[in-house]
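J.: Sequence first, then the predicted structure, then my questions.
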Amino acid sequence: MMMMTRRNFSTALIAGAAASLVSSRGTAASSPTSSPVTPAPSKARNVVLVHGLFADGSCWTEVIARLQAKGLNCTAVQNPLTTLPEAVASAQRVLDRQDGPTVLVGHSFSGMIVTEAGVHPKVSSLVYVAARAPDAGEDYTALAKTYPTPPASAGIVFDGDEGRLTEEAFLRDFAGDLPRAKAEVLYAVQQPFHTALLTGKTSQAAWRTKPSWYAVSTEDRTINPDLERFMAKRMGAKTIEVKASHLALISHPDTIAHMILEAAGY
């Protein structure tokens, strides 16, 4: 029974965010009464970046260097990967320290954090990089089952209540378009996540009131690219498609940095 429970966690985790609309596959869910509002972003000089599962804040290094070269103030949040409230709180503390309009950026699972914490008054725009983009109170597992399970799901292993990717899955399915030596370094700094993190639900959806951008990874083996496209379209986000693995922020840092600069009003 425990093995089945952990497999369910893995499937829900990898398949990504759920939807509150009726999907094109006919999945029933509650429908929003209005479309997202996407006002023009305020010009921002601050960028706060949040990492997802199987990673730590260092995954943003390549993007941060490019943003700093343009004069932006950047901070990478060290997501504790414990519970959703604790993860959101870690981002909110960093947002509190910013001195004005701020772009909030999330990769992978941290799209949930961006969606919840993005209502912070200092957040001027949102950027999602192959990330979850939930609506308030969504059931992720329900939508996950309507999309094919990405290959990385089979590579999640658990030590008690902590989950992580095996080295084989990390190199092949998470960081598949990176040089092996670089991917091995990233694997070495992989931060385990707590299963309690997967039970959290967002209570609000910042993308309904903040201008949003989304980068779809077309070769993603960690979140289904069609699910990414669905979420981006539902958000009304300005969307780009990058021929990349789940780690477009590392394999295509120029592209991701350019999108963030656009969200910052540059």
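T.: Ah, there it is.

J.: While we're on A237, how confident is the model there?
T.: We have a pLDDT of 98 for A237.

J.: Run through the residues that contact it.
T.: 38, 128, 133, 207, 212-214 (Cβ atoms under 8 Å, 6 or more residues apart in numbering). No exception for glycine: its C-beta is placed from N, CA and C like everyone else's.

J.: Out of those residues, flag the one nearest to S110.
T.: Proximity of these to S110 was ranked by Cβ to Cβ; the top entry is Y128 with 9.0 Å.

J.: that older thread, so of the contacts of A237, which ones are in strands?
T.: Secondary structure from DSSP state E places 128, 212-214 of these in strands.

J.: Select from these the one having the most neighbours.
T.: Y128 (30 neighbours; other Cβ atoms under 10 Å).

J.: Just the buried residues of stretch 51-69, please?
T.: 51-55, 57, 59-60, 62-64, 66-67 (16 or more other Cβ atoms under 10 Å).

J.: wait, stretch 190-208
T.: Those buried within stretch 190-208 under the rule 16+ other Cβ under 10 Å are 190-195, 197-198, 200, 202, 204-208.

J.: Farthest-apart pair in the buried residues of stretch 51-69, please.
T.: L53 and R66 (24.0 Å).

J.: returning to what we had before: confidence-wise, which of the contacts of A237 comes last?
T.: The minimum pLDDT among the contacts of A237 falls on T38, with 56.

J.: Which one of the contacts of A237 is nearest to E262?
T.: W213 (6.9 Å).

J.: For beta bridges, what are the partners of the closest one?
T.: Beta-bridge pairing for W213 (DSSP bridges): V127, K238.

J.: Let me know the closest of the buried residues of stretch 51-69 to R229.
T.: Using Cβ to Cβ, the buried residues of stretch 51-69 come closest to R229 at G52, 18.3 Å.

J.: about what we covered before: so which of the buried residues of stretch 51-69 are in helices?
T.: In helices, judged by DSSP state H, the following of the buried residues of stretch 51-69 are found: 62-64, 66-67.

J.: Can you tell me which of the residues you listed lies closest to H258?
T.: Nearest member of these to H258, counting by Cβ to Cβ, is R66, at 8.4 Å.

J.: Double-check the closest one against A257; I have them as touching.
T.: Yes - with contact defined as Cβ atoms under 8 Å, R66 counts as touching A257 (3.8 Å).

J.: Save the ones in strands among the contacts of A237 as a markdown table, and put in distance to P80 too.
T.: Output for the ones in strands among the contacts of A237, formatted as a markdown table (distance: Cβ to Cβ, whole Å):
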| residue | distance to P80 |
| --- | --- |
| Y128 | 20 |
| S212 | 25 |
| W213 | 26 |
| Y214 | 25 |
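
J.: Okay, and V216 sits in which element?
T.: Per DSSP states H and E, V216 falls inside strand 212-217.

J.: tell me the angle the next helix or strand after that strand makes with strand 212-217.
T.: Next helix or strand after strand 212-217 toward the C-terminus (DSSP H and E): helix 225-235. On the basis of axes from the mean of the first three to the mean of the last three Cα atoms, to 10 degrees, helix 225-235 is oriented at 170 degrees to strand 212-217.
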